[in-house]
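Colleague: Need the 3D shape of this:
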Amino acid sequence: MIFIICSLLCSIHIGFSQAIAELTPQLFKEEVLGNDNTYFVMFYITNCPACHQMVPELDKLAKAMRPIGIRVGKMNVEHYREFAQMYQTYQVPKCMLFRPNKTPIVYNQDRTLRTMRQFILNNQLGDKQISTLTKDERINKFFNTSAHIPRLLLLSGKSTVPPLFKQVCYKQRRGVLCGFVNARAETVTKVWDKVKELDEQDRGQGALRATWIGDERARMDDQNEKETEEQESEKDSHSDEISVEYPSLFLINFKGIKLEKELMRFPGKNTSADSKLNDENSVKLGRVASYDGKLNFAELNEAASWIAAVKPKDFVQTESHTNSDSKKDEKSKGKRKDGDHKKKDKKKKKTIANNEEL
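Modeller: Below you'll find the model as predicted:
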């Protein structure tokens, strides 16, 4: 009787936590194997006291990893025996770390939050996608404006790259380059000067500076919130320089940025008619946007996706582009003038011929 009660309690608690994803074969193939997700998975069976004991720590782990973008799941191999054979789960609980395009790693250490968390972070991907800007050569390469690949730049007080930034950079590796510099690094002043230089050039051409604040905070339906935002932007308008705090995250797209007003707040001067692009719902912005959203994977990843999705027509023209474009305009004007003169000559000849016939 005691054994039956214990078994029932085990099964209830194992399925109780919503933070831990319950994986079916289809979900496992889609989310764990067929995606760019990093997953820490516990394989278990229903009547397993050790599995039951592990659930509270696994639940804490799932909640700790969620803001970083690393997921925690569990699979009942009693129901899905093909997975028991595939991953040799002869003893349960068995935990494994699954990373994109990598062989799974078996976890054989203490089943505590601290140990499991450290194991996951030690094996996290993303380092290769981030350029640590400690040399002039790397800085110049990172700020090479002729390469139209968007950038994420993190200026941090931490000496090592934060796990959240690693996860976003790995997820965005096909469309975004990432840079990191520590506040105490000798090169931090040079990096900051590059950011300010881009900002000053763009503002000189009438482009506004943008701050990413995320969907939830940007949708100002309540009148009081709108008034607060107006007051904040009025305060910001008195400051023409961007200031650095640690951590500071910048979204850079050398094409320039165009976006919907709902997604952004604009510190600096009020939007003027000259700064508008094709439609009334978008404005012309510079190549640097600062990030002021929530420090979680979902929102930061969304911001990175947004900066990578800028289209060529949304360029903010630099002086060199402007000069070349003005030369093209002059040429086309010249051609138009020549064409007009030719048309006039033809008309004159026609009228003379007509007069002679009459």
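Colleague: Sketch out the low-pLDDT regions of this protein for me.
Modeller: Scanning the chain for pLDDT under 70 picks out the ranges 1-17, 214-243, 257-284, 310-358.
Colleague: now do 50
Modeller: 1-13, 15-16, 216-229, 231, 233-239, 260-279, 281, 312-329, 333, 350-358 (pLDDT under 50).
Colleague: quick one: the helices in the stretch 151-300 of the chain?
Modeller: Secondary structure of the stretch 151-300 of the chain (DSSP state H, counting those that start in this stretch): helices located at 163-171, 188-204, 215-218, 223-236, 297-308.
Colleague: In the longest one, which residues are buried?
Modeller: So that's helix 188-204. Residues 188, 191-192, 194-195, 198-199, 201-203 are the ones in helix 188-204 that count as buried (16 or more other C-beta atoms under 10 Å). Bear in mind the C-beta positions are built from the backbone N, C-alpha and C, glycine included.
Colleague: Quick one: list the elements packing against it.
Modeller: helix 136-142, strand 151-156, strand 177-182, strand 208-212, strand 248-252, strand 282-291 (3 or more C-beta pairs under 8 Å, 6 or more residues apart in numbering; DSSP states H and E).
Colleague: between the ones you listed, which one is nearest to Phe83?
Modeller: strand 177-182 (34.8 Å; C-beta to C-beta).
Colleague: how's the protein carved up into domains?
Modeller: 2-122, 127-314 (automatic domain parsing).
Colleague: Contact partners for Asp170?
Modeller: If you look again at residue 170, you'll see it is Tyr, not Asp. 36, 100, 125-126, 129 (C-beta atoms under 8 Å, 6 or more residues apart in numbering).
Colleague: cutoff 7 Å now
Modeller: Listed by C-beta atoms under 7 Å, 6 or more residues apart in numbering, the contact set of Tyr170 reads 125-126, 129.
Colleague: Name the nearest residue to it, sequence neighbours excluded.
Modeller: Excluding the flanking residues, the one nearest Tyr170 by C-beta to C-beta, 6 or more residues apart in numbering is Gly126, at 3.9 Å.
Colleague: That neighbour contacts Pro163, doesn't it?
Modeller: No. Using C-beta atoms under 7 Å as the test, Gly126 is too far from Pro163 to be in contact (8.1 Å).
Colleague: This completes my enquiry, with thanks.
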